[in-house]
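[1] Fold the following, please.
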Amino acid sequence: MKLLHLLTFPFFVTTTIAFCNNPNKKVVLNEPLQTYITVIKKDFAKIPKDRKKELDKIALFVQNKVKSGEQAQLTYICTHNSRRSHFGQIWAATAAAYYGIPNVKTYSGGTESTAFNERAVAACKRAGFEVSKISEDKNPIYEVKYASDAEPLKAFSKKYDDSSNPQRDFCAIMTCSQADAACPNVKGATARIAIPYDDPKAFDGTPEETAKYDERCKQIATETLYVFSKVKI
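    A predicted model of the protein is given here:
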C-alpha cells in the first residue's frame with residue numbers, strides 16, 4: 001500500500017497510551033501517526049521468519065530489562081547516522097509509547113557523523129511526525145514529536161559512542177551491513193543485534209526517491225512495532 005493511501009485512510013482514531021518513560025503519564029499520539037500505525041500493524045504477518053528471529057531478540061532484551069526494573073537502552077547504528085538509524089530510534093520511542101512499555105530510551109549513532117538527511121526528515125513528516133529544525137549548521141538538530149504532550153526527541157548525526165549516547169548496558173542494533181561489518185564489537189553494549197536495511201540513499205535524485213524513503217520508513221516502522229508488540233509486562 002502506498003504511503004498516500006496510508007495517510008488518507010479513513011479510519012481516524014485518537015488513542016490514549018502510556019508514555020514510555022513514565023508509566024503514570026498518558027500521552028496521545030499524533031492523529032496521522034495513529035492512523036499510519038493502525039494500517040501497518042496488519043503487515044506483521046509479512047515479516048519473514050528469519051527477520052522475526054532477530055527482532056525477537058530485541059524484544060527479549062527490552063522485556064528482561066523492564067521486568068527487572070531497569071532502563072532498556074536501545075542504540076540504532078548505521079554508517080553515517082543520517083537515515084536508517086534515525087528511523088530506528090524515532091520509531092522505537094514511538095512504538096514503546098504506543099504499547100505502553102515503560103523505561104525505554106532510544107538513541108542512534110554512526111561509525112562517522114554527517115547530518116540527519118533532509119529526505120529522511122521529510123519521510124518522517126509524511127508518516128505523521130512533527131519535525132522542526134532548531135539549529136542551522138552542517139549538522140542541524142531537529143526536534144521530533146510523536147505526541148503533543150510527550151517530550152520531543154532530539155535528532156542529529158553523531159558517532160555511536162558520542163557522550164549523548166549510553167556508554168554501557170545498552171543493546172546495539174546494527175541497521176546497515178557496512179556498520180555491522182565495521183563494528184564486530186560495540187564497546188559497552190551488552191547485546192548486539194544485526195537487522196540491516198537497504199539504504200534509500202541509492203535512489204537520491206531519481207524519480208523513485210520519495211517512494212523509496214517512504215518504503216524504508218514503513219519497513220522500519222513495521223518491524224519496530226512488531227518488536228514492541230512482543231514485549232510482555
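[2] Below-threshold pLDDT in the protein: ranges please.
    Low-confidence segments of the chain (pLDDT under 70): 1-27.
[3] Quick one: the strands in it, in order.
    Counting by DSSP state E, the segments of the chain that form strands are 16-19, 22-28, 72-78, 104-110, 130-133, 142-145, 153-155, 170-174, 189-194.
[4] Deepest-packed of the ones you listed, please.
    Comparing the strands of the chain by mean neighbour count (mean count of other Cβ atoms under 10 Å), strand 72-78 ranks first with a mean of 27. Quick note: C-beta positions are derived from backbone N, CA and C, even for glycine.
[5] Sheet-wise, list the partners of that strand with their directions.
    If you go by DSSP bridges, strand 72-78 pairs up with strand 104-110 (parallel), strand 170-174 (parallel).
[6] Centre of the chain to that strand, how far?
    Centroid separation between strand 72-78 and its chain, computed with Cα atoms, centre = their mean, to the nearest Å, is 9 Å.
[7] Between strand 189-194 and that strand, find me the angle.
    50 degrees (axes from the mean of the first three to the mean of the last three Cα atoms, to 10 degrees).
[8] Which residues does strand 72-78 contact?
    By Cβ atoms under 8 Å, 6 or more residues apart in numbering, the surrounding residues in contact with strand 72-78 are 58, 61-62, 65-66, 84-89, 92, 101, 103-111, 160, 165-166, 169-176, 178-179, 183, 186, 189.
[9] For residue 188, which residues are in contact?
    For residue 188, the contacting residues are 161, 166-170, by Cβ under 8 Å, 6+ apart.
[10] So among those residues, which ones count as buried?
    For the contacts of residue 188, a burial check counting by 16 or more other Cβ atoms under 10 Å picks out 161, 166, 170.
[11] all helices for this structure, in order.
    3-7, 31-40, 49-67, 84-98, 118-127, 177-182, 209-229 (DSSP state H).
[12] most packed of those?
    Neighbour counts (mean count of other Cβ under 10 Å) averaged over each of the helices of the chain peak at helix 84-98, with a mean of 28.
[13] Could you tell me the angle between that one and strand 104-110?
    Relative orientation of helix 84-98 and strand 104-110, computed by the same axes, to 10 degrees: 180 degrees.
[14] Counting by contacts, list what helix 84-98 packs against.
    In this structure, helix 84-98 makes packing contacts with strand 16-19, helix 31-40, strand 72-78, strand 104-110, helix 118-127, strand 153-155, helix 209-229, judged by 3 or more Cβ pairs under 8 Å, 6 or more residues apart in numbering; DSSP states H and E.
[15] Tell me the gap between it and the middle of its chain.
    2 Å.
[16] now swap in stretch 34-41 and tell me
    15 Å.
[17] cool, stretch 175-189 as well?
    Put simply, stretch 175-189 sits 17 Å off its chain's centre (Cα atoms, centre = their mean).
[18] Next: stretch 36-46.
    Using Cα atoms, centre = their mean, the offset of stretch 36-46 from its chain centre is 15 Å.
[19] quick revisit: with respect to residue 195, which of the helices of the chain lies nearest?
    Comparing the helices of the chain against residue 195 with Cβ to Cβ, the closest turns out to be helix 49-67 (5.2 Å).
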